[in-house]
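Chemist: missing the sequence, but the structure's below:
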């Protein structure tokens, strides 16, 4: 894998969603998420509508439901938090399956699970259709300060450096008779973490100096930026999802 | 009670509070950008990238804590403050959080302001205040540096976790009634344990770097040439 091209969650494809410029997708995703969060939790139908929107975009992007759902497990710790809420919450109690649960807590749990899941799905869709390089180009075009995009660029490049060094050090340990298994591996890892950092830094520093000597000024060259910024048409196309979401949210607010 | 990873996901804190903290985080980050730009020279730029990458990788390691199905992870604020200074350090952690939220779905996008406030701002600020004080108080030996790194990392994790409690108190979507103190206690307890792990990793890393390349440790910059009483002012060693 070339540095900065794909990442674990990227799904190589040529769907209409993949072809949209990254800045458009970022804005759409953020607006969509904000709309979801702003929706009152009692408006159950609205969350169904959001789920349909997500499903439609996923279908357009040719991302399968199985892939999406298995990756969505990342929010599991928060689902656990949500499960605890009906027991901990204050206020009215209701009988559910013989348990006396807090009504407010039940609503809260639903709120977290529904909004959390929709948010995770939205960002997974962004991840599946956008390379890390495009993500940074998008942030840059959205006038994110250069210091930040610079740190982000290096972070994503150095991740590979870090993983590579860790792998080399592990091979070195094994070839010297270490037997890394689950828990015992931790000790060797912990002892080597400082060395890992330093090795990765020195490698990274060489990369950086090489970039400087080839004319790097803190911003990636124009070639990197690809085919230019989004056109008005592309903004319009991508706006359909967040605009729909915002109108659902607005309707839900008015109705409840 | 069970829970919690540090990344707040969508729907846990209500919208208005999230918006207020987003504005707060934005303002603070703007300040960091302005100050950080001055700090970010040829030596610090690759370091900032590596620190961010390191934090990114390390945040993926979740500590399972056996008693209650709780898991939490390292934050890296102290490491960042130590190696690249508070301004760039906060930016590094913030970048990690933004990228995680955008492409890994870890922490809700609408909750980014809250997450950044806790981990990037509160965590790094607490760590740097402690670093600035401890480095002056403790003897300038390797042990002193190790203790500084350990303590500041541990405290910063606990402080960041209490940031979440504050936010939950202000705008939690479910009223926990009297359980809020319980939440604070659990968060503090769990994160004290995480803090120990974080402290160990931070101390080992900082010590190794300080041994081989002391020029790379931002927190030591003012202190190395100590013929004149170099006073580390809070918020930037000059």
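Modeler: That came in fine, so what should we check first? Nothing here was measured: the structure is a model prediction, and the numbers come from that model. Numbers count the residues shown, from 1 in each chain, chains lettered A, B, ... in the order given.
Chemist: all helices for the chain, in order.
Modeler: No chain was given, so I picked chain A. A:16-19, A:22-38, A:44-60, A:65-71, A:76-88, A:103-129, A:132-141, A:146-175, A:182-213, A:232-255 (DSSP state H).
Chemist: chain B, not that one
Modeler: All helices of chain B, identified by DSSP H, fall at B:15-39, B:44-60, B:77-99, B:112-115, B:124-137, B:142-171, B:180-212, B:221-224.
Chemist: quick check: residue A:145 touching residue B:31?
Modeler: No: if you go by C-beta atoms under 8 Å, residue A:145 and residue B:31 don't touch, sitting 11.6 Å apart. From N, CA and C alone the C-beta is placed, and that goes for glycine too.
Chemist: so which of those two has more stuff around it?
Modeler: residue A:145 (18 against 14; other C-beta atoms under 10 Å in any protein chain shown).
Chemist: of all the helices of chain B, which one is nearest residue A:208?
Modeler: Of all the helices of chain B, it is helix B:44-60 that lies closest to residue A:208, at 3.9 Å by C-beta to C-beta.
Chemist: next, the buried residues of that closest one.
Modeler: Within helix B:44-60, the residues scored as buried using 16 or more other C-beta atoms under 10 Å in any protein chain shown are B:44-59.
Chemist: of the residues you listed, closest to chain A?
Modeler: residue B:49 (2.2 Å; C-beta to the nearest C-beta).
Chemist: residues contacting the closest residue in space to residue A:51 that isn't next to it in sequence?
Modeler: Once flanking residues are discounted, residue A:51 sits nearest to residue A:118: 6.9 Å by C-beta to C-beta, 6 or more residues apart in numbering or on different chains. Contact criterion C-beta atoms under 8 Å, 6 or more residues apart in numbering or on different chains gives A:33, A:36, A:47, A:50, A:51, A:54, B:10 as the residues in contact with residue A:118.
Chemist: circling back to that earlier point, for residue B:164, find the nearest of the helices of chain A.
Modeler: helix A:76-88 (11.1 Å).
Chemist: I'd say residue A:151 and residue B:49 touch.
Modeler: Yes: using C-beta under 8 Å, residue A:151 is in contact with residue B:49, at 5.9 Å.
Chemist: which one of the helices of chain B has the poorest average confidence?
Modeler: Among the helices of chain B, helix B:221-224 carries the lowest mean pLDDT, a mean of 64.
Chemist: what is the burial count for residue A:128?
Modeler: The number of residues near residue A:128, taken as other C-beta under 10 Å, comes to 24.
Chemist: next: residue A:114.
Modeler: 22.
Chemist: swap in residue A:11?
Modeler: Residue A:11: 17 neighbours (other C-beta under 10 Å).
Chemist: now it: closest residue in space, sequence neighbours ignored.
Modeler: Using C-beta to C-beta, 6+ apart, the closest residue to residue A:11 is residue A:128 (4.4 Å).
Chemist: for residue A:237, what are its contacts?
Modeler: Counting by C-beta under 8 Å, 6+ apart, residue A:237 has contacts residue A:20.
Chemist: list the contacts for residue B:156?
Modeler: B:75, B:77, B:78, B:81, B:122, B:123, B:124, B:126, B:127, B:130, B:195.
Chemist: again, but for residue A:29
Modeler: A:122, A:123, A:125, A:126, B:102, B:109.
Chemist: which one of these has the most neighbours?
Modeler: Going by other C-beta under 10 Å, residue A:123 tops the contacts of residue A:29 with 29 neighbours.
Chemist: what pLDDT does the model give it?
Modeler: 83.
Chemist: follow-up on the earlier one: how about CSV for the contacts of residue B:156, with distance to chain A and neighbour count added?
Modeler: Shown next, in CSV, are the contacts of residue B:156 (distance: C-beta to the nearest C-beta, whole Å; neighbours: other C-beta atoms under 10 Å in any protein chain shown):
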residue, distance to chain A, neighbour count
B:75, 15, 31
B:77, 15, 33
B:78, 14, 35
B:81, 15, 34
B:122, 19, 23
B:123, 17, 32
B:124, 14, 32
B:126, 21, 23
B:127, 17, 34
B:130, 21, 21
B:195, 16, 27
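Chemist: excluding chain neighbours, give the residue nearest to residue B:146 in space.
Modeler: Nearest non-adjacent residue to residue B:146, counting by C-beta to C-beta, 6+ apart: residue B:203, 4.6 Å away.
Chemist: isn't the one you found up against residue B:154?
Modeler: No: using C-beta under 8 Å as the test, residue B:203 is too far from residue B:154 to be in contact (9.8 Å).
Chemist: so chain A: which segments form each domain?
Modeler: Using automatic domain parsing, the domain parsing of chain A gives A:16-138+A:228-255, A:145-225.
Chemist: which ones are touching the residue positioned nearest the centre of chain B?
Modeler: Centroid-nearest residue in chain B: residue B:77, 2.4 Å away (criterion: C-alpha atoms, centre = their mean). Counting by C-beta under 8 Å, 6+ apart, residue B:77 makes contact with B:89-90, B:93, B:119-120, B:123-124, B:126-127, B:153, B:156-157, B:160.
Chemist: again, only using 6 Å
Modeler: Residue B:77 is in contact with B:93, B:123, B:124, B:127, B:156, counting by C-beta atoms under 6 Å, 6 or more residues apart in numbering or on different chains.
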